[in-house]
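In: need a structure here:
(2 chains)
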Number of protein chains: 2
Amino acid sequence: MRIAIDAMGGDHAPASTVEGALAAANQWKDVEIILVGDQAVLEPLLKERPANLLIHHAGEVIESEDEPVKAVRRKKDASMVVAGRMVREGAAEAMISAGNTGALMTTGLLVVGRMEGIERPGLAPMLPTMDDKGVLALDLGANMDAKPEHLVQYALMGSIYRQKVHGMPSPRVGLLNVGTEEMKGNELTKAAYPLLKELPIHFVGNVESRDVLSGACDVLVCDGFAGNILLKALEGTAGALFSVLKQEFSKNLKTKLAAAVMMPSLRNLKDKMDYKEHGGAPLLGLSGLVIKGHGSSDAGAIKNAVRQARAALQSKLTESITKEITGRVIQG
Amino acid sequence: MRIAIDAMGGDHAPASTVEGALAAANQWKDVEIILVGDQAVLEPLLKERPANLLIHHAGEVIESEDEPVKAVRRKKDASMVVAGRMVREGAAEAMISAGNTGALMTTGLLVVGRMEGIERPGLAPMLPTMDDKGVLALDLGANMDAKPEHLVQYALMGSIYRQKVHGMPSPRVGLLNVGTEEMKGNELTKAAYPLLKELPIHFVGNVESRDVLSGACDVLVCDGFAGNILLKALEGTAGALFSVLKQEFSKNLKTKLAAAVMMPSLRNLKDKMDYKEHGGAPLLGLSGLVIKGHGSSDAGAIKNAVRQARAALQSKLTESITKEITGRVIQG
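Out: Presented below is the predicted three-dimensional model:
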């Protein structure tokens, strides 16, 4: 299997992407890794050249401040766009990028292309849960004004992802909502609920945002707006609490001693709450596999994204989703 | 000024409402407090009878599990409904209830009545911020599918509330959104943004959910769905973190000692994060003042709600909002 990496995307690229690609190529000999980017920049960074690590030259770069749609349309030789074209044309089965999120979603839509029957692909990161199992939440930002049928597709795709990639036999799928009762919600969730009940998934009903962290479901279905509010609220609350704790701990000698005792478990807790630590986010509903790494991805995060892409390819994720969606389209 | 209290509403009613009403009547002699509820139950609980504390009999009670609209329509003699009727008919200028939230919103709409020009009243609790100033967020649950004009009215009403009741000369009003740039958001927020910019308020633009806790604005405008997701995410994250901290602190003797040192500031932080501690939530956009106390309100919370109602009445809150809204309606 061939995995293209946008070597120029991300805050720490290309050092992080090259190092991560090298580690992955050395660990998984069944994977061919293609670093897409400026050859003159990448060559000197490669300390070794395993046989399963290639460079594919691309002369342009999409910057984090570029306007996504314009950048993808104009920079036809950008590393991200070239990697997307390789997936579309079958030169790679998957691509990974830690670059501009909006541009990657645009590359997914315009370059890789949507899966037949899918109107709106969804971005599906793992959010942390206190039981460490995590929850796959989608959509988290690709689609701001979802329709009920979009939520239905997110539920199907998310459930298949957790089955195939995480080996969960029957993932619990929940609908992000303002109350647990069936009749609660806004027009969108009230229309989606009865549709979700009819799907061949383990639908556990509505889930309130306060119960997401405690692991109320394995797949959380939401529109991109509500999902973003949830994600950034988790992040903001955890950040604010840790910064206050830090202040309190540094108050005097006694609290500093207490801090020394508690630091390892606090650091542990902080890592747990950091959704950036929980791997790359697949962009589900495309005709090929696209994985979004966090902008601040280091070499370890890039290697993890390769692990994730490999697991998805081995489990025939895209084919399974296509089968399910096409089946529904033919039925409907 | 006369303030009616739904004496039967809330988890700890009527003991909490009677005790809170007594404390308030003793503290503020310029307020006449009317306890609305079953006279036979209330009389024996009243240890004293200050001249400014009255009982108004109401034979029925709306329970927390009652279906809101049905209950308000059928239980015409319920303490909550009778208190609402007193406000409508001018027998009281304000009412306070810690009872069934849905029923109170229905009482506001159907019994007290909307202010002229307001389509959807908004529930406006204070959310905690790390700088202790708090943020008035509306709507938090009265209106699930808001239109841009509803958000405009929330912005105006929230800004006036903080000016009048909290004495802020120029409250910063933010729009809850997925990014800070003007063009970000869903259809609702993108349509609301240019309208908010034109208002006679201090509009500070979009605010992301991660920045709410750090005090990015004094009034946060949102639809009821997004607001609920935000509120419960703050609550859930804080709860989850505190429960993990508790576990970590009780691991062994060293961590228990550390816990003993840190406990006062942790408890402080926990209280800070508890939005239930931040007073009652006004239901803005009604023809009279309605304040929702949290279901778990104790006597202190009831007394605080009286303090809040008194400040709002003294500052002519409802009249100020009416003037602003009517002005806009006539202009428009």
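In: how about the helices in chain A?
Out: A:15-27, A:39-45, A:68-74, A:79-88, A:101-106, A:148-166, A:187-197, A:224-249, A:253-273, A:299-314, A:317-331 (DSSP state H).
In: need the winner for burial among those helices.
Out: Looking across these with neighbours counted as mean count of other CB atoms under 10 Å in any protein chain shown, the highest average goes to helix A:79-88: a mean of 26. To be clear about C-beta, it is placed using only N, CA and C from the backbone, and glycine gets the same treatment.
In: which helices and strands does it pack with?
Out: For helix A:79-88, the packing partners by 3 or more CB pairs under 8 Å, 6 or more residues apart in numbering or on different chains; DSSP states H and E come out as strand A:2-6, strand A:32-37, strand A:94-97, strand A:289-292.
In: format these as JSON lines; extra columns: mean pLDDT.
Out: Formatted as JSON lines, those follow (pLDDT from 0 to 100):
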{"stretch": "strand A:2-6", "mean pLDDT": "98"}
{"stretch": "strand A:32-37", "mean pLDDT": "98"}
{"stretch": "strand A:94-97", "mean pLDDT": "98"}
{"stretch": "strand A:289-292", "mean pLDDT": "98"}
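In: quick one, which of those is nearest to chain B?
Out: Shortest separation from chain B across the helices and strands packed on helix A:79-88 is recorded for strand A:289-292, at 16.1 Å, computed as CB to the nearest CB.
In: closest one to B:Ala15 among the helices of chain A?
Out: Checking these against B:Ala15 by CB to CB gives helix A:224-249 as the closest, at 33.7 Å.
In: what mean pLDDT does that closest one have?
Out: Averaging pLDDT along helix A:224-249 yields 90.
In: could you dump the helices of chain A to a markdown table with distance to A:Met8?
Out: Below are the helices of chain A laid out as a markdown table (distance: least, CB to CB, whole Å):
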| stretch | distance to A:Met8 |
| --- | --- |
| helix A:15-27 | 8 |
| helix A:39-45 | 8 |
| helix A:68-74 | 13 |
| helix A:79-88 | 4 |
| helix A:101-106 | 12 |
| helix A:148-166 | 26 |
| helix A:187-197 | 38 |
| helix A:224-249 | 26 |
| helix A:253-273 | 28 |
| helix A:299-314 | 12 |
| helix A:317-331 | 25 |
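In: what pLDDT does the closest residue to A:Glu116 other than its chain neighbours get?
Out: Excluding the flanking residues, the one nearest A:Glu116 by CB to CB, 6 or more residues apart in numbering or on different chains is A:Thr326, at 6.4 Å. pLDDT, A:Thr326: 84.
In: isn't A:Thr326 right up against A:Gly117?
Out: Yes. Using CB atoms under 8 Å, A:Thr326 is in contact with A:Gly117, at 5.9 Å.
In: spit out the contact partners of the residue most central in space within chain A.
Out: Computing the C-alpha centroid of chain A and ranking residues by CA atoms, centre = their mean puts A:Ala281 first, at 0.7 Å. A:Ala281 makes contact with A:Leu123, A:Ala124, A:Pro125, A:Met126, A:Leu140, A:Ile291, A:Lys292, according to CB atoms under 8 Å, 6 or more residues apart in numbering or on different chains.
In: which one of those residues is nearest chain B?
Out: Lowest distance from chain B to these (CB to the nearest CB) belongs to A:Leu140, with 9.8 Å.
In: which residues touch A:Ala91?
Out: By CB under 8 Å, 6+ apart, the residues touching A:Ala91 are A:Arg2, A:Ala4, A:Ile34.
In: pull up the residues of the stretch 51-200 of chain A that are close to chain B.
Out: Within reach of chain B by CB under 8 Å from any CB of the partner chain, the stretch 51-200 of chain A has these residues: A:Met130, A:Gly141, A:Met144, A:Asp145, A:Leu176, A:Val178, A:Gly185, A:Asn186, A:Glu187, A:Thr189.
In: repeat that with 6 Å
Out: Contact residues (CB under 6 Å from any CB of the partner chain) of the stretch 51-200 of chain A with chain B: A:Met130, A:Met144, A:Asp145, A:Val178, A:Asn186, A:Glu187.
In: for the stretch 201-332 of chain A, which residues are neighbours of chain B?
Out: Proximity of the stretch 201-332 of chain A to chain B, by CB under 6 Å from any CB, involves residues A:208-210, A:213, A:225-226, A:228-230, A:232-238, A:240-241, A:244, A:248, A:254-255, A:258, A:261-262, A:265, A:269.
In: from A:Gln39, how far out is A:Leu45?
Out: 11 Å (CB to CB, to the nearest Å).
In: circling back to that earlier point, possible to save the helices and strands packed on helix A:79-88 as a markdown table with mean neighbour count?
Out: Output for the helices and strands packed on helix A:79-88, formatted as a markdown table (neighbours: other CB atoms under 10 Å in any protein chain shown):
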| stretch | mean neighbour count |
| --- | --- |
| strand A:2-6 | 28 |
| strand A:32-37 | 26 |
| strand A:94-97 | 32 |
| strand A:289-292 | 26 |
